[in-house]
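Q: what would the 3D arrangement of this be:
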Amino acid sequence: MTPRSRRSGSHRLPAKAISSTFASILASPLALLTAIPIACVASAPGKAQVPFQRLEVSANAGDVKLVGDIDLDGTADVILGGSRGEDLNWYHYPDWSRTRIAIPAVEFTTDGAIGDLDRDGDLDLVVPDGPSGNNLLWFENPTRSPSGVRGNPFVAAQWQRHTVGAVGSWCKDVELADFDADGRIDIAARENGTLLVFFQDAAGWTARTIPTSALGNEGLASGDVDGDGAADLVVFAAWLRNPRGAAARTGTNWQQFAIASAGIDDDFKALVADVDRDGRNDVLFSSSENIADVLWFAHGGNPTGAWTRRTIATNVERAHTLQVADVDGDGDHDVVVGQMHTATNPQLRVFYNQGGSGTAWQTQVVDQQYGIHNGVVADLGGDGDVEIVGANWTGNPPLQYWNNTTPQNRQRLTVPELTAGTVATIFATNAHPNVPVCFCATARGVTTPYPIPSLGIDFALVDPVFLGVVLSGVNGAAAHELTLPLGLGGLRIWLQAFELGRSSVVAERLIR
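A: Prediction:
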């Protein structure tokens, strides 16, 4: 079959046929067909002010806040770690049932990270514990294992604790990336006077000190600053260029370049993101413990030279939350700034990027009562918009999130990279709970979305094939296991899902 990017509307499946086919599948859910395909439907421009509703997850607190899909059910969960009694827990969306993963030797603080360390397809956790000894740990998620055995992340005993190494003192910041490009995730971490990268080996970890004269007291970020495909590190008013490949394992190979000469506090939060959508990553800074401006810096294509400073907000106290996301859904990057409860007037604010250039900002105060420490911005419900998740530091509950209540009437489709000869899990999210969701695919492209009144949906696939029907869970997510036979490599496909009254965006993938 020759794949085509577009076909005329004459090859649509008639609305009556789709309706009757859907009905027959519902009547006989085992009569599943095989198929494949995807394309993107642009969302409408977002509003300047987004409605948020504060909701409590748990009467618990802690320094470590992370978000990710722990049980692989299609929607993100929340992880919280703190002192003894607070412990390290994950909270399952949407019922927020708690599973205790571990009890700290001293205290899980202050930062943490989430990623697939053992390359088995689920998300593991990296967390520091206390000021001494081998205090950098990772916890292996049992949902999947490298051997293929499936476990249960709701059973605390199935989580395995592993030692990474010694940071030297309290570990303040943790970043994950494959710094040496060997296919394994590595860990960058720092304490007050030392920056380390723990390189993952086949059977353990090798620690390397990265020398820098710009460490500051706290703060660390990672991202591709120079656009060469390797993750660099951002420290106090400077960045460290990753020498790429095996050379990254020698600390003196990392070159330091200045970003700013003044205006950044020694206690800082930093972030790497493309604020102005010019295709080059920028760097943001705030003060995590004191008072400073919230700034972002851009370069003109040469990050080893001069950077242009721009101000988002002035004189912001204890902005320990600094995140970037498209909060209003207009396609550009907005900035979320949250102050700790110990600030004089703690606020959680969104700065909306007006026009997308990062030169004009409109402010929304989301909350000015609770404060937030190490907040995370993520799409909790899988509906295509983002929430703000956090708590104050250890001993200061509750764990809460500010739910983005913007109406989202489209299912979202999450499709991983597809490889011939494997099985891929496709998720439809933002469906209604406990309803049949139909998955479809095609290799013949997409057309202008056409209505199917009997189902209350719009459809865009040309000559679609029905893959199957899956009942959505209480989280509004449905998963379909797509088997990709050998010989499909190089085929481009499009996929779409729907329920009665709601269809998904279209996703497009090239089978490898």
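
Q: distance of residue 230 from residue 265?
A: 28 Å (CB to CB, to the nearest Å). Every C-beta, even on glycine, is put in place using the N, C-alpha and C of the backbone.

Q: OK, contacts around the residue sitting nearest the centre point of the chain?
A: Centroid-nearest residue in the chain, with CA atoms, centre = their mean: residue 378, separated by 6.2 Å. With contacts taken as CB atoms under 8 Å, 6 or more residues apart in numbering, residue 378 has the following neighbours: 67, 76, 386, 387, 389.

Q: what do you get if the cut-off is 6 Å, keeping everything else the same?
A: 67, 76 (CB atoms under 6 Å, 6 or more residues apart in numbering).

Q: tell me the phi and psi of it?
A: phi -160, psi 160 (degrees, to the nearest 10).

Q: looking at residue 230 and residue 265, which one has more neighbours?
A: Neighbours were counted for residue 230 and for residue 265 using other CB atoms under 10 Å; residue 265 has more, 22 against 19.

Q: so the closest residue to residue 253 other than its chain neighbours versus residue 210, what's the distance?
A: Leaving aside its sequence neighbours, residue 253 sits nearest to residue 243 (CB to CB, 6 or more residues apart in numbering; 4.0 Å). Noted for residue 243: a distance of 11 Å to residue 210, by CB to CB.

Q: of these two, who's got more company?
A: residue 210 (23 against 19).

Q: quick check: the more buried one touching residue 253?
A: No - Residue 210 is beyond contact range of residue 253, at 9.2 Å (criterion: CB atoms under 6 Å).

Q: what's the pLDDT at the residue nearest to residue 253?
A: pLDDT for residue 243: 98.

Q: check contacts around residue 512.
A: Contacts of residue 512 (CB under 6 Å, 6+ apart): residue 419.

Q: and it, how far is that from residue 452?
A: Distance of residue 512 to residue 452, given as CB to CB: 32 Å.

Q: ok, residue 475 next?
A: 26 Å.

Q: so residue 259 touches residue 237, yeah?
A: Yes - in this structure residue 259 lies within contact range of residue 237 using CB under 6 Å: 5.4 Å.

Q: pretty sure the residue nearest to residue 253 is touching residue 251, no?
A: No - contact criterion CB under 6 Å: residue 243 and residue 251 do not qualify, at 10.0 Å.

Q: burial check on residue 369, number of neighbours?
A: By the criterion of other CB under 10 Å, residue 369 has 9 neighbours.

Q: secondary structure class for it?
A: At residue 369 the chain is in coil, as set by DSSP: H, G, I helix; E, B strand; the rest coil.

Q: skipping its backbone neighbours, what lies nearest it in space?
A: residue 346 (7.8 Å).

Q: just residue 361 next, same as before
A: Of all residues not flanking residue 361 in the chain, residue 351 sits nearest, at 4.3 Å (CB to CB, 6+ apart).

Q: run through who's touching the host helix or strand of the one you found.
A: Secondary structure assignment for residue 351, by DSSP states H and E: strand 348-353. With CB under 6 Å, 6+ apart as the test, strand 348-353 has contacts from 48, 312, 327-328, 332-338, 361-367, 372.

Q: ditto for stretch 103-117
A: 63-64, 66, 68, 81-84, 87-88, 123-127, 129-130, 138, 172-174, 176, 185.

Q: off-centre distance for that stretch?
A: For stretch 103-117, the gap between its own C-alpha mean and the chain's C-alpha mean amounts to 17 Å (CA atoms, centre = their mean, to the nearest Å).

Q: now that stretch - C-alpha only, PDB.
A: This file holds the C-alpha atoms of stretch 103-117, laid out as PDB (Å, rounded to 0.1, in the frame of the first residue of the first chain):
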ATOM      1  CA  ILE A 103      10.500   5.800  54.400                       C
ATOM      2  CA  PRO A 104      13.500   8.100  54.500                       C
ATOM      3  CA  ALA A 105      16.600   7.500  56.500                       C
ATOM      4  CA  VAL A 106      16.500  11.300  57.200                       C
ATOM      5  CA  GLU A 107      14.400  13.300  54.800                       C
ATOM      6  CA  PHE A 108      13.700  13.100  51.100                       C
ATOM      7  CA  THR A 109      14.800  16.600  50.000                       C
ATOM      8  CA  THR A 110      14.800  18.900  48.200                       C
ATOM      9  CA  ASP A 111      14.500  18.000  44.600                       C
ATOM     10  CA  GLY A 112      13.700  14.800  42.700                       C
ATOM     11  CA  ALA A 113      13.300  13.600  39.200                       C
ATOM     12  CA  ILE A 114      11.200  11.100  37.200                       C
ATOM     13  CA  GLY A 115      12.200   9.100  34.200                       C
ATOM     14  CA  ASP A 116      12.700   5.600  32.800                       C
ATOM     15  CA  LEU A 117      16.100   4.800  34.300                       C
END
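
Q: got the buried residues for that stretch?
A: Neighbour counts using 16 or more other CB atoms under 10 Å place 104, 107, 108, 109, 110, 111, 112, 113, 114, 115, 117 of stretch 103-117 among the buried residues.

Q: again, but for stretch 210-230
A: Buried residues in stretch 210-230, counted by 16+ other CB under 10 Å: 210, 212, 214-216, 218-223, 225-226, 230.

Q: send the alpha carbons of it over as PDB?
A: Extracted as PDB, the C-alpha positions of stretch 210-230 are listed here (Å, rounded to 0.1, in the frame of the first residue of the first chain):
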ATOM      1  CA  ILE A 210      31.900  19.000  36.800                       C
ATOM      2  CA  PRO A 211      34.100  22.000  37.700                       C
ATOM      3  CA  THR A 212      32.500  25.400  37.600                       C
ATOM      4  CA  SER A 213      33.100  28.800  39.200                       C
ATOM      5  CA  ALA A 214      29.400  29.700  38.900                       C
ATOM      6  CA  LEU A 215      27.700  27.300  41.200                       C
ATOM      7  CA  GLY A 216      25.900  29.700  43.500                       C
ATOM      8  CA  ASN A 217      24.200  28.300  46.600                       C
ATOM      9  CA  GLU A 218      21.400  26.300  45.000                       C
ATOM     10  CA  GLY A 219      19.800  25.900  41.600                       C
ATOM     11  CA  LEU A 220      20.400  23.800  38.500                       C
ATOM     12  CA  ALA A 221      18.700  23.200  35.100                       C
ATOM     13  CA  SER A 222      19.400  21.100  32.100                       C
ATOM     14  CA  GLY A 223      18.500  21.500  28.400                       C
ATOM     15  CA  ASP A 224      20.000  21.900  25.000                       C
ATOM     16  CA  VAL A 225      21.200  25.400  25.100                       C
ATOM     17  CA  ASP A 226      23.400  25.400  22.000                       C
ATOM     18  CA  GLY A 227      21.100  23.300  19.700                       C
ATOM     19  CA  ASP A 228      23.500  20.500  19.200                       C
ATOM     20  CA  GLY A 229      21.200  17.800  20.500                       C
ATOM     21  CA  ALA A 230      23.000  17.300  23.800                       C
END
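
Q: give me the nearest residue to residue 345, chain neighbours excluded.
A: Among residues not flanking residue 345 along the chain, residue 368 sits closest, at 7.0 Å (CB to CB, 6+ apart).

Q: what helix or strand is the residue nearest to residue 369 on?
A: Here residue 346 is assigned to no helix or strand, by DSSP H and E.

Q: burial check on it, number of neighbours?
A: 21.

Q: do residue 192 as well
A: Neighbourhood size, residue 192 [other CB under 10 Å]: 13.

Q: wasn't it part of a helix?
A: No - assigned with three-state DSSP, residue 192 falls outside any helix and is coil.
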